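Colleague: how would this look folded up:
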Amino acid sequence: MTSGTGTSGTIDVLVVDDDFMVARVHHAFVERVEPFHVVGVAGTGEEAVDAADALRPDLILLDLHLPDIFGLDVIPRLRTAGHDCDVMVVSAAREAETVRGAVRHGVVDYLLKPFGADELRTRLERYADRRRRLLGTVVRSQADVDRVLAGAAGAGPAVPALPKGMSVETAELVERALRAADGTLSAAECAALTGVSRVSARRYLEHFQTVGRAEVSLRYGVAGRPERRYRFRESPTRLRPNGQARA
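Modeller: The predicted structure is shown next:
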């Protein structure tokens, strides 16, 4: 994540959406959340790159269906121009390839339209928390590196030591896909989104369920075994003193 240029601890945001009414609503949503401040609004990909040059935002809320170029294509143009600002996708695009592309472009979150102020607030506050932790990280060991990687990928506090044979990079991909899912996600769907095998996706999803970062439900079809579906949990399950779990 970028170190940011906002003053007095503010996080400067650029809102990119081709619908000026939607952009106005998102602008209002963002301004309600401390310490975020909207520094500009853009309606096209070209305007977004120009605005990033002029305003140097810390975070861009990026719609994908822009009139001139596809939203994800804005990201490499920003990087080529030397901008290390973070990008949060806000879009109605639900195609697996689009979500996979967003993950591979390193977006910090993917929020499906339509959404309410409370949902955006949750995502922004989570982003601000990760950003604070990352900016305060001093790397002295592999554990510190793992925490930085997990935080940059939106994973929150790092899960202590992945099981043998699992990698931090793949765990990041799977968790991003899980976070971006509209509802629940199956192992097959996760594999399609991340490019890993179905077996690997299932293994990582089961690990997240084991450590309390995902919950599992069963979907029963006409015949055969029920399908296991996974949903991301914002915080690991904790145990009460008497051993009963609580969220």
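
Colleague: CA atoms for contacts and neighbours, from now on please.
Modeller: Noted.

Colleague: residue ranges with poor pLDDT in the protein?
Modeller: For the chain, residues meeting the criterion pLDDT under 70 lie at 1-8, 137, 144, 146-161, 221-224, 234-247.

Colleague: So what are the structural domains in it, by residue number?
Modeller: 7-129, 140-246 (automatic domain parsing).

Colleague: With mean neighbour count as extra columns, can I get those in JSON lines?
Modeller: What follows is the domains of the chain, written out as JSON lines (neighbours: other CA atoms under 10 Å):
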{"stretch": "domain 7-129", "mean neighbour count": "18"}
{"stretch": "domain 140-246", "mean neighbour count": "17"}
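
Colleague: What strand or helix carries Asp53?
Modeller: Using DSSP states H and E, Asp53 sits in helix 45-55.

Colleague: Any idea how far that helix is from the middle of the chain?
Modeller: Computed by CA atoms, centre = their mean, to the nearest Å, the separation of helix 45-55 from the middle of its chain amounts to 22 Å.

Colleague: By residue count, tell me the biggest helix in this structure.
Modeller: The residue-count maximum for a helix in the chain (DSSP state H) belongs to helix 117-135.

Colleague: Find the residue closest to Glu125 in space, skipping its chain neighbours.
Modeller: Of all residues not flanking Glu125 in the chain, Val33 sits nearest, at 7.7 Å (CA to CA, 6 or more residues apart in numbering).

Colleague: what does Leu55 give?
Modeller: In space, and not counting its chain neighbours, Leu55 is closest to Val39: 6.9 Å by CA to CA, 6+ apart.

Colleague: Quick check: the gap between the one you found and Arg233.
Modeller: Using CA to CA, to the nearest Å, Val39 is found at 32 Å from Arg233.

Colleague: And for Leu78?
Modeller: Per CA to CA, Leu78 is found 32 Å from Arg233.

Colleague: ok, the spatially most central residue of the chain - contacts?
Modeller: With distances taken as CA atoms, centre = their mean, Asp109 lies nearest the centre of the chain, 2.1 Å away. By CA atoms under 8 Å, 6 or more residues apart in numbering, the contact list for Asp109 reads Val87, Met88, Val89, Arg123, Gly154, Arg176, Arg179, Ala180.

Colleague: Thanks again, I'm all set now.
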